[in-house]
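K.L.:
how would this look folded up:
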Amino acid sequence: MAILKVKDIRKMSSEERLAKLRELKAELLRLRVQQASGAPLENPGKIRVIKKTIARILTVINEERKSSKRA
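P.N.:
Below you'll find the predicted structure:
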């Protein structure tokens, strides 16, 4: 899982962003279930990275919505 930078997220189309968001949320859910079941995680820091990436994508989406309302 590579960390997505904001400039890379901005280059994506809105459909690509939504698809990536769905993919990351599914991965986060899978990791949380695995953690809750007591199974050891390969990389516990991956949860944090995924959460931050989801936040970055949502930030870009919300910025675009706000800018389109102003115009």
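K.L.:
Return the distance of stretch 10-23 from the chain's centre.
P.N.:
The gap between the average C-alpha position of stretch 10-23 and the chain average comes to 9 Å, counting by C-alpha atoms, centre = their mean, to the nearest Å.
K.L.:
middle-most residue in the protein, spatially?
P.N.:
For the chain, the residue lying nearest the average C-alpha position, counting by C-alpha atoms, centre = their mean, turns out to be I54 (2.3 Å).
K.L.:
Model confidence score at it, please.
P.N.:
As predicted, I54 sits at a pLDDT of 97.
K.L.:
Grab the CA positions of stretch 29-41 and hand them over as PDB.
P.N.:
What follows is stretch 29-41 as a C-alpha-only set of coordinates in PDB (Å, rounded to 0.1, in the frame of the first residue of the first chain):
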ATOM      1  CA  LEU A  29     -12.700  -2.700   7.500                       C
ATOM      2  CA  ARG A  30     -10.900  -6.000   6.800                       C
ATOM      3  CA  LEU A  31      -7.900  -4.900   9.000                       C
ATOM      4  CA  ARG A  32     -10.200  -3.800  11.900                       C
ATOM      5  CA  VAL A  33     -12.000  -7.100  11.800                       C
ATOM      6  CA  GLN A  34      -8.800  -9.000  11.800                       C
ATOM      7  CA  GLN A  35      -7.500  -6.900  14.700                       C
ATOM      8  CA  ALA A  36     -10.700  -7.400  16.700                       C
ATOM      9  CA  SER A  37     -10.700 -11.100  16.200                       C
ATOM     10  CA  GLY A  38      -7.300 -11.200  18.000                       C
ATOM     11  CA  ALA A  39      -5.300 -12.300  15.000                       C
ATOM     12  CA  PRO A  40      -1.900 -10.600  14.800                       C
ATOM     13  CA  LEU A  41      -1.600  -8.000  12.100                       C
END
